[in-house]
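K.L.:
Sequence first, predicted coordinates after that:
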Amino acid sequence: MSISQLAREIAESPTLKLNEEAQDLRDRGEAVIHLGAGEPKTKIPFEAMLSTAAQLATAEVRYTPTEGIGSLRRAILRYMEENYNKVLGKDNVIVSNGAKQAISAVLTTIINPLDEVIIVAPYWVSYPEMVKMVYAKPVIVTPGDGRFQPELDDVTDMVSSYTKAIIINSPNNPSGAVYSADFIGGLVEFCEKKGIYLIMDDIYHKLVSPPAQWTPCYKYSQVDPNQSKLIVINGVSKLYAMTGYRIGWTIASKQIVDTMVNVQAQTTSCPPLLSQVAAVGALTGLQSGVESLRLTLENNRKVMIQELNAFEGVKLIPPDGTFYSLPDFRAYSNDSVKLSRMLLEKVYVVAVPGKEFGMEGHLRLSYCTSVKDIMEGVARIKWALDPNSPNEIYIGDRKLVRDWK
């Protein structure tokens, strides 16, 4: 069977693979603890459920405009005004099947073969692969001295005549870093001066722990929205725990949005109507659930930091946002893929290898689970790795013996 070279070169998603293996273990009755999850465990907003039910009651679930239904686009524009202090028009927004498709459609719209796209490490695992899928080159920028907070020079020094775009994700998956206002402001100014697209992935923008503060990029933009190369990606998956609804959106110039409509029309036609009306309910309903989630995550964050700081040999830069931490396990292994697999097989803990995020020797540990799972999950990891731990441990009703070095 002949498979295209492009398809052969696209890496398998490590998170999806680990999820499948963890589910297989659960199906066998093993007490798996998932510290690799990328979705909150809270319920979706009540208004989202009501909106879905109301639409179902009409028995009318049809195609929608490719760019999204009018009520959702208007809700997104209000959201932008309230959270970004930016007034935009309906021609500046397009709704997609999740933020991931939004980014893919943006890259298809603006990138030519052999263009370069700068990505700051640690980065979300899909960025480099998505760039490769439009036949462009991902250029990885890694801050020095083990930092997760980049300096402006780290990025601008990598700009070449081939640079077409820069992707920034703050708060950052996987590190939880919230980039400074000086960095965001300097980067917006630089990109507008150089005519480089700046793609801001803001999917976690409200999940921040004080005193850290998220900075909206439009605060520093001096260019008319329809002349701007500033592109903002967002969605309902993380803040509203609506990962399964697959609704994201792009804010960009009219020219970019018009072209994205053509791209999307030839791929997925339109986002599902039921998902769109649910997103309207979430965005226009009570917003207290978002703050409740943030407070829960802030408490979970404290527990994760406490448990990891008590883990001798593990180094942690405390996360300021998202629901991820990226501790350094190089005192135990420089091979994060091998390490994560060992932890899954030996103590049934899911941890995502840092190599996939451009940070070898680290593991991404999520704290959007329960406090109990955070504490027990880190305890199992410590038992598996720390030579000073007892030789035996009980996981559920089973006694495990550490028979490896």
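P.N.:
Right, received. Where do you want to start?

K.L.:
all contacts plus neighbour counts: C-alpha atoms, from now on.
P.N.:
Noted.

K.L.:
where does the most centrally placed residue in the chain fall, helix, sheet strand or coil?
P.N.:
Centroid-nearest residue in the chain, with C-alpha atoms, centre = their mean: residue 173, separated by 4.9 Å. The three-state label given to residue 173 by DSSP: H, G, I helix; E, B strand; the rest coil is coil.

K.L.:
and what of the one 10 residues further on?
P.N.:
Three-state call for residue 183 (three-state DSSP): helix.

K.L.:
That one: what's it in contact with?
P.N.:
For residue 183, the residues meeting the contact criterion (C-alpha atoms under 8 Å, 6 or more residues apart in numbering) are 150-152.

K.L.:
quick one: the residue nearest to the centre of the chain and residue 123 touch, right?
P.N.:
Yes. Residue 173 is in contact with residue 123 according to C-alpha atoms under 8 Å; the separation is 6.5 Å.

K.L.:
ok so, going back, who's in contact with the residue nearest to the centre of the chain?
P.N.:
For residue 173, the residues meeting the contact criterion (C-alpha under 8 Å, 6+ apart) are 122-124, 322, 324.

K.L.:
sorry, back to before: out of the contacts of residue 183, flag the one nearest to residue 368.
P.N.:
residue 150 (25.3 Å; C-alpha to C-alpha).

K.L.:
ok, that closest one touching residue 179?
P.N.:
Yes. Under the criterion of C-alpha under 8 Å, residue 150 lies in contact with residue 179, with a separation of 7.5 Å.

K.L.:
higher neighbour count, these two?
P.N.:
residue 179 (23 against 19; other C-alpha atoms under 10 Å).

K.L.:
wait, the more buried one sits on residue 171?
P.N.:
Yes. Counting by C-alpha under 8 Å, a contact exists between residue 179 and residue 171, whose distance comes to 6.9 Å.

K.L.:
Which residues are in contact with each of these two?
P.N.:
Common contact partners of residue 179 and residue 171 (C-alpha under 8 Å, 6+ apart): residue 214.

K.L.:
Other residues contacting the longest helix along the chain?
P.N.:
The longest helix of the chain (DSSP state H) is helix 288-309. Residues from elsewhere that reach helix 288-309 (C-alpha under 8 Å, 6+ apart): 42, 45, 206-209, 239-240, 314-316, 318-319, 323, 327, 367-368, 370-371, 374-375, 378.

K.L.:
Which strands or helices does the helix or strand following it pack on?
P.N.:
In the C-terminal direction, the helix or strand that comes right after helix 288-309 (DSSP states H and E) is strand 324-325. Counting contacts by 3 or more C-alpha pairs under 8 Å, 6 or more residues apart in numbering; DSSP states H and E, the secondary-structure elements packed against strand 324-325 are strand 363-366.

K.L.:
at 10 Å what do you get?
P.N.:
Secondary-structure packing of strand 324-325 (3 or more C-alpha pairs under 10 Å, 6 or more residues apart in numbering; DSSP states H and E): helix 288-309, strand 363-366.

K.L.:
Strand partners (parallel or antiparallel) of it?
P.N.:
In the sheet containing strand 324-325, the strands it pairs with under DSSP bridges are strand 363-366 (antiparallel).

K.L.:
hmm, back to that, any chance of the contacts of residue 173 in JSON lines, with neighbour count, distance to residue 79 and pLDDT too?
P.N.:
Converted to JSON lines, those look like this (neighbours: other C-alpha atoms under 10 Å; distance: C-alpha to C-alpha, whole Å; pLDDT from 0 to 100):
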{"residue": "122", "neighbour count": "29", "distance to residue 79": "28", "pLDDT": "97"}
{"residue": "123", "neighbour count": "24", "distance to residue 79": "26", "pLDDT": "97"}
{"residue": "124", "neighbour count": "18", "distance to residue 79": "24", "pLDDT": "96"}
{"residue": "322", "neighbour count": "32", "distance to residue 79": "19", "pLDDT": "98"}
{"residue": "324", "neighbour count": "28", "distance to residue 79": "25", "pLDDT": "98"}
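
K.L.:
Next, format these as CSV and append distance to residue 10.
P.N.:
Formatted as CSV, the entries for the contacts of residue 173 read as follows, by distance: C-alpha to C-alpha, whole Å:
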residue, distance to residue 10
122, 19
123, 16
124, 15
322, 26
324, 25
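
K.L.:
so what are the domain limits for the protein?
P.N.:
The record assigns the chain these domain ranges, following automatic domain parsing: 5-43+288-401, 46-284.

K.L.:
Where among the ones you listed is average confidence lowest?
P.N.:
Between the domains of the chain, the one with the least mean pLDDT is domain 5-43+288-401; it has a mean of 91.

K.L.:
At which residues are the strands of the stretch 51-200 of the chain located?
P.N.:
93-96, 116-120, 137-141, 163-169, 197-201 (DSSP state E, counting those that start in this stretch).

K.L.:
Please save the CA atoms from the shortest one in CSV.
P.N.:
Looking back up the chat, that one is strand 93-96. Output for strand 93-96, consisting of C-alpha atoms alone and laid out as CSV, is shown next (Å, rounded to 0.1, in the frame of the first residue of the first chain):
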residue,chain,number,x,y,z
VAL,A,93,-14.6,36.1,13.0
ILE,A,94,-14.9,32.6,11.7
VAL,A,95,-16.1,29.6,13.8
SER,A,96,-14.3,26.2,13.3
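
K.L.:
closest one to residue 100 among the helices and strands packed on strand 324-325?
P.N.:
With respect to residue 100, and counting by C-alpha to C-alpha, the nearest of the helices and strands packed on strand 324-325 is strand 363-366 at 19.5 Å.

K.L.:
Test my guess that residue 227 contacts residue 252.
P.N.:
Yes. In terms of C-alpha atoms under 10 Å, residue 227 counts as a neighbour of residue 252; the distance is 9.3 Å.

K.L.:
Which one of the two is surrounded by more residues?
P.N.:
More neighbours sit around residue 252 than around the other of residue 227 and residue 252, counting by other C-alpha under 10 Å; the figures are 26 against 13.

K.L.:
related to what we said a few turns ago, find residues that contact each of residue 173 and residue 123.
P.N.:
residue 357 (C-alpha atoms under 10 Å, 6 or more residues apart in numbering).

K.L.:
coming back round to it: and the contacts of helix 288-309, which of them are buried?
P.N.:
Neighbour counting by 16 or more other C-alpha atoms under 10 Å classes 42, 45, 206-209, 239-240, 314-316, 318-319, 323, 327, 367-368, 371, 374-375, 378 among the contacts of helix 288-309 as buried.
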